[in-house]
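> return atomic coordinates for the entry below.
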Amino acid sequence: MNPPLLPKNVTRIEKEETFRFSCHPSVACFTDCCRQLELALTPYDVLRLKKGCGLRSEEFLDRYVIMELEEHETFPRFYLTMVDDGQASCVFVSNAGCTLYQDRPGACRAYPLGRAAIRQADNTMDEFFVLLRESHCQGFQEQQEQNGATYSTEQGLATYSRFNDAVAALLQHDQIRQGKRFTEEQIEQFILALYNLDQFRTLLFTGQISGTIQQNDTTRQRLTDDEELLLYAIDWLKDILFKK
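Model (predicted):
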């Protein structure tokens, strides 16, 4: 039985439940899913994309990202810029496919699979998969059998899920569920720590960020790695946003 509120073309599937799907240049609709879309970016998506582009995070945000904050939302959402070509194409798509394929966003890796992670009362994450069947997608006519678990592994989604779950634990914090609202300064801290990592590192290493643990040479060396820094930034945000 499908969970409530899912669109008709979205069905919940078990991890080992099989489906037929494959995407490659010979499929008639190749790259159609890279057009006419709103592609939301997670912090880890931005981390990978800015490295793939060889840009600092602030330059990547300025060139390729649109930030939106609706009045009813707690924090802003970040979307990849689309090209004004009449098809609203992804800025990184070409006729041959994705030009940043190795660092493509998690949503692109997962398609047509979707993964939801909901934090439980004991702080564990309840994970389930959904399958999106869009009318234009011819990949379902292919004969290759997949299931949620193997497809996720093949697409390299484990690392994306690790970071997305860490962010979900922040966004699904009990205080947010209870309606907590944040100041403009706190929202700016959210943007800085999760999406502008290079600037966050600079301010951190020059002592311009308060509320952080004392750093020694070993910690600084570890935080030169973007992935380690993002995990640190998530914990830092939890401390300053939800301190008792």
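> determine the longest helix present in the protein.
Ordering each helix of the chain by length in residues (DSSP state H) puts helix 226-242 first.
> for Val93, see how far away the closest residue to Leu80 other than its chain neighbours is.
Distances taken as Cβ to Cβ, 6 or more residues apart in numbering place Leu39 nearest to Leu80, at 4.4 Å, with adjacent residues excluded. (Each C-beta comes from the backbone N, C-alpha and C, glycine too.) In this view, Leu39 and Val93 are 11 Å apart by Cβ to Cβ, to the nearest Å.
> ditto for Thr42
For Thr42, the distance to Val93 - Cβ to Cβ - is 19 Å.
> and Gln221, what helix or strand is that in?
helix 217-222 (DSSP states H and E).
> whoops, I mixed them up, Gly52
Going by DSSP H and E, Gly52 is in helix 43-53.
> for this structure, just list every one of the strands.
10-13, 18-20, 65-68, 77-80, 82-83, 89-90, 93-94, 97-98, 113-119, 125-132, 145-147 (DSSP state E).
> domain parsing for this protein?
What automatic domain parsing lists as the domains of the chain is 10-156, 174-242.
> can you tell me which residue is nearest the centre of the protein?
Centroid check for the chain by Cα atoms, centre = their mean gives Thr42 as the closest residue, at 2.6 Å.
> please identify the buried residues of the helix or strand of the chain with the lowest mean pLDDT?
Ranking every helix and strand in the chain by mean pLDDT, DSSP states H and E puts strand 113-119 at the bottom, with a mean of 80. Neighbour-count burial for strand 113-119, counted by 16 or more other Cβ atoms under 10 Å, picks out Leu113, Gly114, Arg115, Ala117, Arg119.
> neighbour count for Leu39 and Val93, which is higher?
Val93 (21 against 16; other Cβ atoms under 10 Å).
> which residue sits closest to the more buried one in space, ignoring its chain neighbours?
Per Cβ to Cβ, 6+ apart, closest to Val93 is Cys34, 4.0 Å.
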